[in-house]
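Engineer: My questions concern the predicted model and sequence given below.
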Amino acid sequence: MNILIVIFSLLVALEFFYIMFLETFATLSNATSQVFNMSEADLNNKNVQLLFKNQGIYNGLIGLIILYANLYASNPKELLSIIMIYIILVGVYGSYSSGNKLIVIKQSGLAIITLFLIVFFR
């Protein structure tokens, strides 16, 4: 597999592990407040903390699937393509639902680059 595909897909995995860390382990941190543009009061809400921790597990599992695709999958490009499309669609939905057009770039930028590399550099 092309080394650029591996590098960019691993960067996507790292991004998702970082998001998992913020949501699951550092829910009340300043970094979490800044990344998700939420006030300290919002982050102290027990329901928000529960939702964040649940979402963090999903993001961590996406990172693990990307690692699996790179290390063990018999067809890594196919699996990575599916994951990157999923990440891009979630970013598009996030931009649409929040009204913040930059979310698609922030959340899906690396996935867009990775999918481009997979499609055009076989």
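Structural biologist: Received, thanks. Numbering: from 1, shown residues only.

Engineer: pLDDT at the residue of the chain most remote from its centre, what is it?
Structural biologist: Here the chain reaches farthest from its C-alpha mean at Ala41, the gap being 24.9 Å by CA atoms, centre = their mean. Predicted confidence (pLDDT) at Ala41: the value is 92.

Engineer: pLDDT (mean, whole number) over the helix or strand containing Leu89?
Structural biologist: Taking DSSP states H and E as the criterion, Leu89 maps to helix 76-98. The average pLDDT within helix 76-98 is 95.

Engineer: That helix packs against which elements?
Structural biologist: On a contact count with 3 or more CB pairs under 8 Å, 6 or more residues apart in numbering; DSSP states H and E, helix 76-98 meets helix 3-20, helix 46-71, helix 103-120. No exception for glycine: its C-beta is placed from N, CA and C like everyone else's.

Engineer: So for the helix or strand that comes right after the first one, what gets flagged as buried?
Structural biologist: As assigned by DSSP H and E, the chain's next helix or strand after helix 3-20 is helix 30-35. Judged by neighbour count using 16 or more other CB atoms under 10 Å, the buried positions of helix 30-35 are Thr32, Ser33.
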